[in-house]
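> A predicted structure for the sequence below; I have some questions about it.
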Amino acid sequence: MTYKAKCLVVAFLAACTPCVAATLSIDVRDTDGKPTADAVVTLTPRGGVAIASHVAEKAIIDQRNETFLPLVVTVRRGGDVVFTNHDTTMHQVYSFSPIKQFQFEIDQGQVSKPVRFDKAGVAAIGCNIHDQMIAYVFATDAPFAVVTDAAGHAEIADVPDGAYHAAAWHPRLKIGAPPSEAILAVKGAAAHLDFTVPLRAGGMKHMHMDY
C-alpha cells in the first residue's frame, strides 16, 4: 500500500457562494503519529486550470550559531534566495544539486547576492567549513506551497473552489520514498488536509544531501 492511500483528506464546510475562496488547514504527521515540522505541502489544480502563483518570489536563509535558518524555504520557480550571515564566523555556502549549483564565501555581517532558482525541484545547501550545516530550497511551479511549523501545521489562504493534487515532501523522507500525495476537493470557506509521511529515524544527521 502506498502512502497516497494513507492520506486522509477532508474538504468541506458549508454554505458559500462560488466566488468564496477557502482557507486550507494542513496537518502533517509521521507514521508514528508525531507532528512533522519542516514539511513542504504543495497544491496544484487538476484539469489544467491556471492559477497565479501565491508562492514567494524571494526567501532569506540566515546563518546563526553555525546553523542555517530556517531549515526549509519555498520559492516559486524563477525566484531568488538571499543568504545572510549573523554568525561570528565566515561560511562557504554551496549547492551541488541538479537544479542549482553555486559556491561562495559570506563573512560575518554580509548579505549575498540573490541566488536565482530557475528550475523546479529541491536543492540541498551546505557549508564547506561546517559540515553539520544544511538547509533546503524547494523551488516549485505549484501555485501554492507552505512549510509546516513545529506543530506540523500550516495554512493556505485564498484557495479557489476546485479539485487539487496535494503533495507533501520532507528532507528526512525514507530513501526511495516519493512525496506523499492526495486528491483534494475544495468547495466552501474552509478545507482540511491530513498527511502521513514516512520519515527516516534520527535528526539532522539523517537529512538528505543528494538533492
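Received, thanks.
> residues contacting the residue nearest the centre of the chain?
Residue closest to the mean C-alpha point of the chain, counted by CA atoms, centre = their mean, is V40 at 2.9 Å. Contacts for V40 (CB atoms under 8 Å, 6 or more residues apart in numbering) come out as V72, T74, F138, A145, V146, V147, A168, W169, H170. Yep, even glycine has a C-beta here, placed from its N, CA and C like the rest.
> show me the contacts for the fourth one.
Yep, that's A145 we're talking about. A145 makes contact with V40, V41, T42, L43, V55, T74, F138, according to CB under 8 Å, 6+ apart.
> Compare these and tell me which is most surrounded.
V41 (28 neighbours; other CB atoms under 10 Å).
> So for F117, what's the nearest residue that isn't a sequence neighbour?
Closest residue to F117 apart from its sequence neighbours, by CB to CB, 6 or more residues apart in numbering: A139 at 4.0 Å.
> What pLDDT is listed against the closest residue to P114 other than its chain neighbours?
Spatial nearest neighbour of P114, chain neighbours left out: D80 (3.7 Å); criterion: CB to CB, 6+ apart. At D80, the pLDDT value in this model is 98.
> list the buried ones in the helix or strand D80 falls within?
Here D80 sits within strand 79-85, counting by DSSP states H and E. Residues of strand 79-85 classed as buried by neighbour count (16 or more other CB atoms under 10 Å): G79, D80, V81, F83, T84, N85.
> Check stretch 58-67 too.
Buried, per 16+ other CB under 10 Å, within stretch 58-67: A59, I61, D62, Q63, T67.
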